[in-house]
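# Sequence plus predicted model, see below.
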Amino acid sequence: MEFDLTRLKNKIEHEIEIDCEYEIDENLMSSTELMSPLKVILKGKIVRDVLEGFLLDIEVFGTMTLPCSITLKPVSVPLNIHIVGNLDELIEEIDENHKKIENSIDILPIIWENILMEIPMKVTSPDAYSVKAEGDGWKFVTDEKDNKNPALEKLKDLL
C-alpha cells in the first residue's frame with residue numbers, strides 16, 4: 001500500500017487523502033489466530049509537517065473473526081484503530097530494516113503492526129456458557145471460582 005510523496009515534497013499539494021478498502025494478505029495472517037480474510041477500511045491523510053517530515057493520521061475500521069476460547073466457534077470482534085504519528089518514527093519502531101524510498105512510502109507495515117496489537121488474547125462467544133461444562137471425570141474451571149488454599153487460611157487468623 002504505497003503512496004507517492006513527490007507532490008507533498010514539492011509543496012504542490014498540502015495532503016494526501018486516504019480513503020480505501022484493503023484486504024490483508026493471507027501470508028501475513030498465517031501467523032495469527034484470524035480465521036477469515038481481514039478486510040479493513042482506511043480513512044485518513046498524510047500531511048507535511050513544519051520540520052519537513054510527514055505525519056500520518058489514519059483510522060482503520062473492520063471486523064476480525066477469531067476462535068472462541070471455549071468452543072472454537074468463530075466470533076466477530078470489531079476493529080477500530082486511530083494511528084497518528086510521524087511516518088519515519090512509526091516505520092523505525094516497526095521495522096529497522098525497512099527500505100526508505102525517497103518519493104514513496106508503504107504504510108502497510110504500520111497498519112499491520114497496529115492490527116496485531118489489537119487482537120485480543122482471549123475471545124468468548126456469548127453462547128459459549130450454555131455449553132455443557134462437565135463430563136465423565138472432568139469439569140470446566142474458570143478464573144471466577146474462589147480457590148481457597150488451607151495454608152493461607154491460617155494466615156487470616158493472624159490478621
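Okay, I see it. Residues are numbered from 1 along each chain as shown.
# ok now the helix or strand hosting Lys154, how far from the chain's centre?
In this structure, Lys154 sits in helix 150-158 according to DSSP states H and E. The chain centre lies 44 Å from the centre of helix 150-158; the measure is C-alpha atoms, centre = their mean, to the nearest Å.
# Please give me every residue in contact with Ile24.
With contacts taken as C-beta atoms under 8 Å, 6 or more residues apart in numbering, Ile24 has the following neighbours: Pro37, Leu38, Lys39, Val40, Trp112, Ile115. Where you see a C-beta, it was placed from the backbone N, CA and C, and this is true even at glycine.
# which residue sits closest to Gly44, ignoring its sequence neighbours?
With C-beta to C-beta, 6 or more residues apart in numbering as the criterion, Gly44 has its nearest non-adjacent residue at 3.0 Å, and that residue is Ile58.
# again but with Lys45, I slipped
Taking C-beta to C-beta, 6+ apart as the measure, Lys45 lies nearest to Glu15, with 4.6 Å between them; neighbours along the chain are not counted.
# Return the members of the contacts of Ile24 classed as buried.
With neighbours counted using 16 or more other C-beta atoms under 10 Å, the contacts of Ile24 contain these buried positions: Leu38, Val40, Trp112, Ile115.
# helix or strand for the last one, which one?
Taking DSSP H and E as the criterion, Ile115 maps to helix 108-118.
# Can you tell me which helices and strands that helix packs against?
strand 39-48, strand 54-67, strand 74-86, helix 87-94 (3 or more C-beta pairs under 8 Å, 6 or more residues apart in numbering; DSSP states H and E).
# which of the residues in it are buried?
Within helix 108-118, the residues that count as buried by 16+ other C-beta under 10 Å are Pro109, Ile110, Ile111, Trp112, Asn114, Ile115.
# now the following helix or strand past that helix, how far from the centre of its chain.
Tracing the chain C-terminally past helix 108-118 and defining elements by DSSP H and E, one meets strand 134-135 next. Averaged C-alpha coordinates place strand 134-135 at 35 Å from its chain's average position (C-alpha atoms, centre = their mean).
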